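Novice: Have a look; sequence and predicted model below, questions after that.
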Amino acid sequence: MNNTKIKFSVKNLNIYYGNFLALKDITLDIPERSITAIIGPSGCGKSTFLRALNRMNELLPNVKTEGEVLLDGKNIYSPDVDLVSLRRRVGMVFQRPNPFPKSIFENVAFGLRIQGIKNREQIEEIVELSLRRAALWDEVKNKLHKSALELSGGQQQRLCIARVLAVQPEVILMDEPASALDPIATLRIEDLMRELREEYTIVIVTHNMQQAARVSDFTAFFLTDENRAGMLIEYGNTSEIFTMPKDPRTEGYITGRYG
Amino acid sequence: MKFREKIYVLFTALTAVIVVGLLFFIIFNIVSNGIRVVTWEFISQPPREGMTKGGIFPALYGTLLRTLLMLIFVVPIGVFTAVYLNEYGAGRRFSRWIRLAINNLASIPSIVFGLFGLGFFVLFLRLGAGLLSAALTVGLLTLPLVVVSTEEALKAVPNSYREAGFALGATKWQVIRLIVLPQALPGILTGAILSVGRGMGEVAPLLFTGVAYYLPYLPASIFDQFMDLGYHIYIMTTQSFDVELTRPMQYGSTLVLLALTFSLNIIAILIRSRMRRRRLG
């Protein structure tokens, strides 16, 4: 963890929903081109933390964010940051597959169209490339203009990943991307994540500890304090967190004592 | 089942039968008396001989034209208002005020709209009494319908679509234009059709804003006076020299008006049920 470049550096992050403190004083560094898993019981602020990394929390009313989130050294919460370009750099895959009710092709092309790209050949090229990278091309190449909603759940989720890849982000945030999928579809997503790690920084929130252990390089364990505020308990190499956790609460969680 | 329970069942079923029965009686009465009158000649000819002969073409023409004109104003204003309420101003005090205003607008008696139209569009804005003033006045009356049904349609668009759009770097307007509005289109269409159905049958808002008793020519511009189907029925039943002689014409006109509004409502219902099925499927 020491030799790699840091992609995200989170410093003293506090997030409030109204007056309720949901995340308390989170400080951690996320290395580039690696998979960082955020684990912890429900309601511990995992998703809130993830959504702080591309400022998606701001879509909800009454959310207040304090502290710094540095992306390549620049605070994404400083007033001069353009949300549109931030979200192009930091893409997101959601818990439930949410393809648009458009064709498969148009789903992947969406991110290009909103950037004003009109060149048909260029769009087709990027769509194909993105679908290939998301390991979906062979399954959909003959029905690109069919509705995306006709795909299975696992295919839909890979389509959502392709849609993110098409805008060429640097980071991909995944919010329990496999929790709505069956085991085989889940494994395919995990394989895909391992491949994508070569080029992207991936941060994944997961309920599933085996999944964190299988795919991630680093693991952060979140837990709530007595006021239900989420906090970071332990963060380190995944192998260490799962084999010799330093904090007894981490050990309690990964051995299934609570959560 | 206890005897008393049976009484209640019987009682509530009876009231339901009365409601349906009334509707059928009205429809049966109008159709059976009007069907012989409604011919191609009736639809395509102007009235003759003191409205006892001929047809209703100028009235039908005026009704359709003023309704179309109304749509051109009402749909954009209604849709953008709903977009503001649901997408931009959600939870703000300003949107609560707008919503309150819309609800109140919907409860104003239509004759009051007529008076307002006379004071505001005809006199103050100097649009004169004609198609445009009448269309705008009826438009005010149907605006709440479009706003409310568009808002319902926007609410039904899952938030996950919006989130996906934002996460891909779309601006708010791009999300609305490319994702939310296309999804809400059937609902918006339903609202537009319902507003047409409602606006078509209104007479009171037209009284001071441009409707004419009889015109020997068709309106040539949007500032011209016009004849109207609903108003035509009213004058034939109250103002003609012999009400009995115009009776068949009254039934025929009523049947045409009813057929128009009914078919629009049915189209709206079909769109809505298709939309609902798609959302479930």
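Specialist: Arrived safely, thanks for sending.

Novice: Would you map the helices across the chain?
Specialist: Answering for chain A, as no chain was given. Under the criterion DSSP state H, helices of chain A are mapped to A:46-52, A:83-89, A:104-113, A:120-133, A:137-140, A:153-165, A:183-196, A:209-215, A:238-243, A:248-254.

Novice: Let me rephrase: I mean chain B.
Specialist: Taking DSSP H as the test, the helices found in chain B are B:3-34, B:40-44, B:57-83, B:93-106, B:110-117, B:131-155, B:159-167, B:172-174, B:181-201, B:229-238, B:243-280.

Novice: Buried residues, the shortest one. List them.
Specialist: Put plainly, it is helix B:172-174. By neighbour count with 16 or more other Cβ atoms under 10 Å in any protein chain shown, helix B:172-174 contains the buried residues B:K172, B:Q174. Bear in mind the C-beta positions are built from the backbone N, C-alpha and C, glycine included.

Novice: So for chain B, which residue is the most central one in space?
Specialist: Nearest to the mean C-alpha position of chain B, by Cα atoms, centre = their mean, lies B:R198 at 2.2 Å.

Novice: For the nearest residue to B:A129 once chain neighbours are set aside, which residues are in contact?
Specialist: Spatial nearest neighbour of B:A129, excluding adjacent residues (Cβ to Cβ, 6 or more residues apart in numbering or on different chains): B:G210 at 4.1 Å. B:G210 makes contact with B:V122, B:G128, B:A129, B:G130, B:L131, B:L132, B:S133, B:A134, B:Q225, B:F226, according to Cβ atoms under 8 Å, 6 or more residues apart in numbering or on different chains.

Novice: How about B:S44?
Specialist: With contact taken as Cβ under 8 Å, 6+ apart, B:S44 is in contact with B:G55, B:F57.

Novice: any idea how far it is from B:F57?
Specialist: Spatial separation of B:S44 from B:F57 under the definition Cβ to Cβ, to the nearest Å is 5 Å.

Novice: Point out the residues in the stretch 51-200 of chain A that sit beside chain B.
Specialist: Taking Cβ under 8 Å from any Cβ of the partner chain as the criterion, the stretch 51-200 of chain A approaches chain B at residues A:54, A:56, A:59, A:61, A:84-85, A:87-88, A:91-92, A:94, A:96, A:98-101, A:110-111, A:113-115, A:160, A:163-164, A:167.

Novice: Please produce a PyMOL select command covering the buried subset of those.
Specialist: A single PyMOL command selects the buried members of those (16+ other Cβ under 10 Å):
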select buried, chain A and resi 54+56+84+87+88+91+92+94+96+98+99+100+101+110+111+114+115+160+163+164+167
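
Novice: where's the residue nearest to the centre of chain B relative to B:S149, distance?
Specialist: Distance of B:R198 to B:S149, given as Cβ to Cβ: 11 Å.

Novice: where does the chain dip in pLDDT?
Specialist: No chain specified, so I'll use chain A. By pLDDT under 70, the low-scoring segments of chain A are A:1-3, A:257-259.

Novice: nope, chain B please
Specialist: Low-confidence regions of chain B, defined here as pLDDT under 70, cover residues B:1, B:278-281.

Novice: So which bits of it are right by chain A?
Specialist: B:90-91, B:158, B:160-171, B:174, B:178-179, B:183.

Novice: let's see 10 Å
Specialist: Proximity of chain B to chain A (Cβ under 10 Å from any Cβ of the partner chain) is limited to residues B:90-92, B:157-172, B:174-175, B:177-179, B:182-183, B:278-279, B:281.

Novice: List only buried entries from those residues.
Specialist: Buried, going by 16+ other Cβ under 10 Å: B:157, B:161-170, B:172, B:174-175, B:178-179, B:183, out of the residues of chain B next to chain A.

Novice: Could you give me the buried positions within stretch A:194-210?
Specialist: Taking 16+ other Cβ under 10 Å as the basis for neighbour counts, the residues of stretch A:194-210 that come out buried are A:L196, A:R197, A:Y200, A:T201, A:I202, A:V203, A:I204, A:V205, A:T206, A:H207, A:N208, A:M209.

Novice: CA atoms only for it, dumped as PDB, please.
Specialist: C-alpha atoms of stretch A:194-210 as PDB (Å, rounded to 0.1, in the frame of the first residue of the first chain):
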ATOM      1  CA  ARG A 194     -10.500  -8.200 -11.300                       C
ATOM      2  CA  GLU A 195      -9.900  -7.400 -15.000                       C
ATOM      3  CA  LEU A 196     -10.900  -3.800 -14.700                       C
ATOM      4  CA  ARG A 197      -8.500  -3.300 -11.800                       C
ATOM      5  CA  GLU A 198      -5.600  -3.200 -14.200                       C
ATOM      6  CA  GLU A 199      -6.800   0.200 -15.500                       C
ATOM      7  CA  TYR A 200      -9.300   1.600 -13.000                       C
ATOM      8  CA  THR A 201      -9.500   2.400  -9.300                       C
ATOM      9  CA  ILE A 202     -12.400   0.500  -7.900                       C
ATOM     10  CA  VAL A 203     -14.200   1.100  -4.700                       C
ATOM     11  CA  ILE A 204     -16.900  -1.400  -3.800                       C
ATOM     12  CA  VAL A 205     -19.400  -1.500  -1.000                       C
ATOM     13  CA  THR A 206     -20.500  -5.000  -0.100                       C
ATOM     14  CA  HIS A 207     -22.500  -6.800   2.500                       C
ATOM     15  CA  ASN A 208     -20.900 -10.000   1.400                       C
ATOM     16  CA  MET A 209     -17.600 -10.600   3.300                       C
ATOM     17  CA  GLN A 210     -16.600 -13.500   1.100                       C
END
